[in-house]
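K.L.:
structure, please.
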Amino acid sequence: MQVGFSSRAWDFVDKAVKARHTRSLAIQLNGDVMEMLKRDLAEEPYKVIKERATFLKRWTSRCKELEAHESVVHSRLDLHLQSVFLGNA
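P.N.:
Here you go, the predicted model:
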């Protein structure tokens, strides 16, 4: 037995946003988010996952590259600022 109706994923999101459920009133999706959703829902899941993994790998690598420089910058800060930036407050 099937309950409900079949619908494409994007049609479902579009109807849900238009329905303006009380919970969704607090969440206003801007154009960039809507475009991202359209792209992600239209693309093959493995391609979306691969793109996200590549993005995370790139920025994780960049964080590691900057780690030493960030330590030097933090060590030159006044003590009260070090506690804010390093979470020792």
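K.L.:
hey, which helix is longest across this structure?
P.N.:
Across the chain, the longest stretch assigned as helix under DSSP state H is helix 45-75.
K.L.:
how far off centre is the following helix or strand past that one?
P.N.:
Scanning forward in sequence from helix 45-75, with DSSP states H and E defining helices and strands, the next element found is helix 79-86. Mean C-alpha position of helix 79-86 versus that of the full chain (Cα atoms, centre = their mean, to the nearest Å) differs by 27 Å.
K.L.:
what do you get for stretch 75-89?
P.N.:
The mean C-alpha position of stretch 75-89 is separated from the chain mean by 28 Å, Cα atoms, centre = their mean.
K.L.:
list the buried residues in it.
P.N.:
For stretch 75-89, a neighbour-count test (16 or more other Cβ atoms under 10 Å) marks nothing as buried. The C-beta positions use only the backbone N, C-alpha and C, and glycine is treated the same way.
K.L.:
also stretch 47-59?
P.N.:
Here stretch 47-59 shows no buried residue, counting by 16+ other Cβ under 10 Å.
K.L.:
any residues touching it, and which ones?
P.N.:
Contacts made with stretch 47-59 from outside it, assessed by Cβ atoms under 8 Å, 6 or more residues apart in numbering, are listed as residue 40.
K.L.:
with only the CA atoms kept, save it in CSV.
P.N.:
Output for stretch 47-59, consisting of C-alpha atoms alone and laid out as CSV, is shown next (Å, rounded to 0.1, in the frame of the first residue of the first chain):
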residue,chain,number,x,y,z
LYS,A,47,29.1,13.5,-8.1
VAL,A,48,27.8,15.7,-5.3
ILE,A,49,29.7,13.7,-2.7
LYS,A,50,32.9,13.8,-4.8
GLU,A,51,32.6,17.5,-5.2
ARG,A,52,32.1,18.0,-1.5
ALA,A,53,35.0,15.7,-0.6
THR,A,54,37.3,17.6,-3.0
PHE,A,55,36.2,20.9,-1.4
LEU,A,56,36.9,19.7,2.1
LYS,A,57,40.2,18.2,1.1
ARG,A,58,41.3,21.5,-0.4
TRP,A,59,40.4,23.6,2.6
